[in-house]
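[1] Quick one: sequence and predicted model below, then my questions.
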Amino acid sequence: MKPSITLLASAAALGVGAAQAHFQLLYTPEVMLENPAEIDLKLVFGHPMENGHVMDMGEPVEFFVQFKEEKTDLKDSLKPITWQGPDNTAAAYEASYRIRRNGDYVFVVVPTPYHEESEGVYIQQITKSYVNKGAMPTSWSEPLGLPTEIVPLNKPYQVFAGGTFSGQLLSKGKPAAGVECEIEYINTGIDMETNAFDKAPRGDVPDTAIVAITDANGLFTFGIPAPGVWGFACLGSGPVKEHEGKELSQDAVIWINARALDAGGVAGGARLVAATTEEARRFDQGLSESQRRQVQEALRGIGLYSGSIDGNLGPQTRLALKIVQRTHGLPDTGLVDGGLFETLVSLKGQ
Ligand SMILES: [Cu+2]
């Protein structure tokens, strides 16, 4: 929301930026699956970049998954939960869904309009999140016929930090020009078990919301500066402008996942030491399974790893380890060596 006086006052008291945006989250931790899996989704209305207060969701109007041509209603699978924000709790929802076949799954929530009392307006953020299985792209670039939506022009589950993401904003299927889109990232840890955000933000909180304006064709492009889960909310682009006699902002939201890419000599400088698979295996055996999981959790905590916490240190873990080593001025072996475990655990605790 535009910050209200009360919010500004309380934010000033807390010493946090107030000019951040609210986002409908539709979150699941893993967006590229190799194997069939039951995934958990959390639906939360909050302020992810400043890690601000969370807001009560009403029962969603629609919740479904689109796989190729098939739209499957998932409303009956929604369960009400209480979400613990950093300083308040709010009504939220969760669901789980079994992913079996290869291809793109688009999860969509059409929330019930939220009454923003401080502004006397309603907000409805029609939100899409993507999951892929089997590295087989199918329909990620197709519009779904929503009242308003952002159609991704890059695979939303495989964007690289330092690269760009482009989208086309549609309203009733037609390009929507000159619309302000706010951009944020999830700047906090998400505890899928206890339904909670961490108490503090993890990274920088920019002074004001990041914004892009759609061009004449409804297009926008944003350079993704860092790995993480990024959200785009184009405001008021939906055709419905009023709800229960009050102004309605019907917004389009999309979530994308950006990770680091090791382009070898080009981006990462010379590799000092390249760990062979055999060396890596030997090193891993020196760590307990719980330690290997801790490594993955720590890397996920700092936004460098989006895979599963399974204790198997695969290529994505190796790359993340190298990045940590480079930023700490260590040889980039990609191995948990030379006190790196302690470094990672301390990073996680921050
Ligand atoms: Cu808000």
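    Okay, I see it.
[2] which residues does the nearest residue to Asn187 once chain neighbours are set aside contact?
    Leaving aside its sequence neighbours, Asn187 sits nearest to Pro201 (C-beta to C-beta, 6 or more residues apart in numbering; 4.6 Å). Using the backbone N, CA and C atoms, a C-beta is placed for each residue, glycine as well. Taking C-beta atoms under 8 Å, 6 or more residues apart in numbering as the criterion, Pro201 is in contact with Met49, Glu50, Asn51, Asn187, Thr188.
[3] What distance do you get for Pro201 to the ion?
    16 Å (C-beta to the ion, to the nearest Å).
[4] Surely that residue is within a helix?
    No. Read with DSSP: H, G, I helix; E, B strand; the rest coil, Pro201 is coil and lies in no helix.
[5] ok, back up a step: want to throw the contacts of Pro201 into a markdown table with distance to Arg282?
    Shown next, in a markdown table, are the contacts of Pro201 (distance: C-beta to C-beta, whole Å):
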| residue | distance to Arg282 |
| --- | --- |
| Met49 | 41 |
| Glu50 | 44 |
| Asn51 | 40 |
| Asn187 | 37 |
| Thr188 | 36 |
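[6] Pick the one among those residues closest to the ion.
    Nearest to the ion out of the contacts of Pro201 is Glu50 (C-beta to the ion; 9.6 Å).
[7] Let me know the pLDDT of the residue nearest to that closest one when sequence neighbours are not counted.
    Closest residue to Glu50 apart from its sequence neighbours, by C-beta to C-beta, 6+ apart: Gln20 at 4.0 Å. Gln20 carries a pLDDT value of 77.
[8] going forward can the numbers begin at 41, since that is how I track them
    All right, first residue 41 from here; so that's Gln60.
[9] Gln60: neighbouring residues, count only.
    25 (other C-beta atoms under 10 Å).
[10] and what of the one 10 residues further on?
    The local packing of Glu70 (other C-beta under 10 Å) involves 17 other residues.
[11] Which secondary structure element is home to the nearest residue to it once chain neighbours are set aside?
    Among residues not flanking Glu70 along the chain, Ser348 sits closest, at 5.9 Å (C-beta to C-beta, 6+ apart). Element membership of Ser348, judged by DSSP states H and E, is empty: it is in no helix or strand.
[12] swap in Arg358?
    Arg358 belongs to helix 355-367, assigned by DSSP H and E.
[13] Mind listing what's buried along that helix?
    For helix 355-367, the neighbour count (16 or more other C-beta atoms under 10 Å) marks Gln356, Thr357, Arg358, Leu359, Ala360, Leu361, Lys362, Ile363, Val364, Gln365 as buried.
[14] With stretch 271-285 instead?
    Gly271, Phe272, Ala273, Cys274, Leu275, Gly276, Ser277, Gly278, His283.
[15] Could you do stretch 246-255 as well?
    Pro246, Ala249, Ile250, Ala252, Thr254.
[16] cool, stretch 229-242 as well?
    Those would be Gly229, Ile230, Asn235, Ala236, Phe237, Asp238, Pro241, Arg242, for stretch 229-242 by 16+ other C-beta under 10 Å.
[17] Next step: those restricted to strands.
    Ile230, Ala236, Phe237 (DSSP state E).
[18] of the residues you listed, closest to Phe260?
    Minimum distance to Phe260 across these is 26.1 Å, recorded for Ile230 (C-beta to C-beta).
[19] if I read this right, the closest one contacts Arg242, doesn't it?
    No. Counting by C-beta atoms under 8 Å, Ile230 sits too far from Arg242 to count as a contact (10.7 Å).
[20] which SS state does Phe381 fall under?
    helix.
[21] sorry, that was for Met97
    Applying three-state DSSP: Met97 is coil.
[22] Is there a neighbour count for it? I'd like the number.
    Met97 has 23 nearby residues by other C-beta under 10 Å.
[23] Return the residues in contact with the residue nearest to it when sequence neighbours are not counted.
    Nearest residue to Met97 in three dimensions, chain neighbours excluded: Phe85, at 5.1 Å (C-beta to C-beta, 6+ apart). Residues near Phe85 by C-beta under 8 Å, 6+ apart: 62-65, 94-97, 130, 132, 151, 154, 165.
[24] Type out the PyMOL command that picks the buried ones from those residues.
    PyMOL command restricting the contacts of Phe85 to the buried ones, with burial defined by 16+ other C-beta under 10 Å:
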select buried, resi 62+63+64+65+94+95+97+130+132+151+154+165
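[25] Which single one of the contacts of Phe85 is nearest to Ala320?
    For Ala320, the nearest member of the contacts of Phe85 is Leu65. The distance, counting by C-beta to C-beta, is 35.2 Å.
[26] Nearest residue to that closest one in space, please, no chain neighbours.
    Val84 (4.4 Å).
[27] With Leu375 instead?
    Phe323 (4.6 Å).
[28] Would you reformat the ones in strands among the buried residues of stretch 229-242 as CSV and include distance to the ion and pLDDT?
    Shown next, in CSV, are those (distance: C-beta to the ion, whole Å; pLDDT from 0 to 100):
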residue, distance to the ion, pLDDT
Ile230, 19, 95
Ala236, 19, 98
Phe237, 15, 97
